[in-house]
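Peer 1: got a predicted model here, sequence first, then my questions.
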Amino acid sequence: MPLSHSPAATCQLLAPSRRTRLLTPCPRAGATPAAEAALLPAGVLRAESLPRHVAVVMDGNARWARARGLPSAAGHEAGRRALEETVRLSRAWGVRALTAFAFSHENWSRPKVEVEFLMGLFERVIRESVSEFLREGIRLRVIGDSSRLPVSLQKTAREAEAATRNNSQLDLTLAISYSGRRDIVQACRSLAQKVHDRQLRPEDIDESLFAAELETSPADEHELLPYPDLLIRTSGELRLSNFLLWQSAYSELFFTDTLWPDFGEADYLEALVSFQSRERRFGVRRL
């Protein structure tokens with residue numbers, strides 16, 4: 001998502017918000033952990049217990065638009081600005097990975113005009129974002145069933161991924177035409193083929209090998225976390241909707257009634273504070 005058209009503009013709110021601004025400075029590319037911690041809202045967040053990887057189900061764009069008598073396209077544009085702000089805040093506060101559910105495999109059943117608008121929006125946003133991502137050290141990945149995407153969008157995504165591959169300040173993953181069930185099925189097929197080709201024995205397959213076949217698996221040793229620590233869903237819906245089903249097995253879940261275009265700094269802070277108040281035991285009883 002294009003965060004701005006200049007480094008200085010990155011530090012400004014991209015769209016008017018009803019919420020009070022709690023953060024104004026923006027970190028430089030290559031900022032040290034200490035510098036990043038200094039940007040956290042004082043007394044609100046603790047750097048040592050931030051989620052390293054946050055996933056978001058960005059829900060409510062169309063409802064936001066209908067409530068204002070606007071076409072759904074206006075809601076998606078507003079949702080884009082909310083994602084830009086979430087990317088900016090994640091980068092500033094030291095969250096190392098952000099995965100955003102932009103378009104589900106099931107969304108292909110939506111009206112053709114809306115789908116075509118979204119495909120065009122994704123392509124335009126990715127293309128316009130590359131220079132900003134390079135300045136801010138943001139690495140982009142796009143996951144999902146790319147075979148259904150317009151050829152021009154596939155090309156734009158590949159070029160953006162290649163251009164930002166060496167960035168390390170924030171891993172941004174956009175899930176477009178993504179299905180958690182499909183992700184699991186294609187991982188099973190890949191492992192089955194390897195067994196068929198005698199590259200593996202069935203008894204060799206474990207969780208680690210399975211996870212390596214998922215779309216979120218790191219492409220190289222420099223990439224960050226395949227699993228989200230915190231999964232946020234907006235708009236009042238209380239379900240995962242086929243998003244990161246394997247990967248979110250031990251994610252902390254946070255649901256908010258806020259529609260995605262209205263999701264701002266205060267909402268993000270609320271989710272992060274909630275995360276920091278929880279004890280993550282991963283099934284282990286602690287005495």
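Peer 2: Structure's in. What do you need?
Peer 1: neighbouring contacts of stretch 96-106?
Peer 2: 52-58, 83, 86-87, 90, 118, 122, 144-145, 170-179, 182, 216, 224-225, 228, 241-244 (C-beta atoms under 8 Å, 6 or more residues apart in numbering). In short, each C-beta sits where N, CA and C put it, glycine included.
Peer 1: wasn't Glu203 part of a helix?
Peer 2: Yes - checked against DSSP: H, G, I helix; E, B strand; the rest coil, Glu203 lies within a helix.
Peer 1: gap between it and Val195?
Peer 2: Using C-beta to C-beta, to the nearest Å, Glu203 is found at 10 Å from Val195.
Peer 1: more neighbours: the two, which one.
Peer 2: Val195 (15 against 7; other C-beta atoms under 10 Å).
Peer 1: from what I can see the more buried one touches Arg189, true?
Peer 2: No - taking contacts as C-beta atoms under 8 Å, Val195 lies outside contact range of Arg189: 10.8 Å.
Peer 1: coming back round to it: mind listing which of the contacts of stretch 96-106 are in strands?
Peer 2: Taking DSSP state E as the definition of strands, the contacts of stretch 96-106 contribute 53-57, 170-178.
Peer 1: which one of those residues is nearest Lys112?
Peer 2: Using C-beta to C-beta, Ser177 comes nearest to Lys112 of the ones in strands among the contacts of stretch 96-106, at 15.0 Å.
Peer 1: so which residue is dead centre in this protein?
Peer 2: Centroid-nearest residue in the chain: Thr99, 1.9 Å away (criterion: C-alpha atoms, centre = their mean).
Peer 1: make CSV out of the ones in strands among the contacts of stretch 96-106 and add pLDDT and neighbour count.
Peer 2: Shown next, in CSV, are these (pLDDT from 0 to 100; neighbours: other C-beta atoms under 10 Å):
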residue, pLDDT, neighbour count
His53, 97, 23
Val54, 98, 27
Ala55, 98, 27
Val56, 98, 27
Val57, 98, 25
Leu170, 96, 22
Asp171, 96, 24
Leu172, 97, 23
Thr173, 97, 27
Leu174, 98, 23
Ala175, 98, 27
Ile176, 98, 25
Ser177, 98, 23
Tyr178, 98, 26
